[in-house]
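Asks: With the sequence up front, the predicted model follows.
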Amino acid sequence: MFWFLLIALVVVVAAVTLAVLSGRDGVLPEAEPDRTAWSLPPDRPLARADVDGLRLPVAVRGYRMTDTDDVLDRLAAELAERDARIAELEAALAGARAEARGAVTDAVEGRTKTGNDEGEQR
């Protein structure tokens with residue numbers, strides 16, 4: 001049993017040595033950077049394509065927390081701004097609709113009064 005394990009160990013070491021020495025002239029490929037090459041645009045609001053194209057940098061145990069937190073903070077801030085703007089526009093629209101209803105109601109009541117006045121005068 002001892003000889004079998006010794007021969008197996010020699011074969012494995014030889015195979016690994018051959019694989020390392022024969023691969024690409026012994027030169028390892030360049031490591032990919034672990035930081036994002038493409039960042040979010042700082043000068044304008046984010047668009048869907050910005051988020052779709054985003055690739056967060058990977059660390060040993062997952063994504064880099066600081067970079068991921070920065071992206072999530074930016075997205076949260078922009079969503080909050082958009083929510084506030086939507087609420088503002090919806091309130092303005094509701095006010096405009098109420099004003100338009102009031103104008104229509106006043107116009108209808110004005111015609112009714114005018115019609116009643118003419119009927120009474122006849």
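Replies: Done, it's in.
Asks: need the contact list for the most centrally placed residue in the chain.
Replies: Taking C-alpha atoms, centre = their mean, the centroid of the chain lies closest to Val51, which sits 4.1 Å from it. Counting by C-beta atoms under 8 Å, 6 or more residues apart in numbering, Val51 makes contact with Leu75. Any C-beta I mention is one placed from the backbone N, CA and C, and that applies to glycine too.
Asks: Distance check, it against Val12.
Replies: Per C-beta to C-beta, to the nearest Å, Val51 is found 47 Å from Val12.
Asks: just for this structure, where's the confidence low?
Replies: The chain contains residues with pLDDT under 70 at 23-38, 113-122.
Asks: which residues in it form helices?
Replies: Along the chain, counting by DSSP state H, helices occupy 2-22, 48-52, 65-121.
Asks: Output those as TSV; include the columns distance to Pro41.
Replies: As requested, these are exported to TSV (distance: least, C-beta to C-beta, whole Å):
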stretch	distance to Pro41
helix 2-22	43
helix 48-52	6
helix 65-121	10
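Asks: The ones you listed: which one's closest to Val58?
Replies: helix 65-121 (9.9 Å; C-beta to C-beta).
Asks: how distant is that closest one from the center of its chain?
Replies: Chain-centre distance of helix 65-121: 28 Å, with C-alpha atoms, centre = their mean, to the nearest Å.
Asks: could you check the distance from the closest residue to Glu81 other than its chain neighbours over to Phe2?
Replies: Leaving aside its chain neighbours, Glu81 sits nearest to Pro45 (7.9 Å; criterion: C-beta to C-beta, 6 or more residues apart in numbering). Note on Pro45: its distance to Phe2, by C-beta to C-beta, is 70 Å.
Asks: Please apply the same query to Asp83.
Replies: Separation of Asp83 from Phe2 (C-beta to C-beta): 72 Å.
Asks: How about Arg55?
Replies: Distance from Arg55 to Phe2, by C-beta to C-beta: 51 Å.
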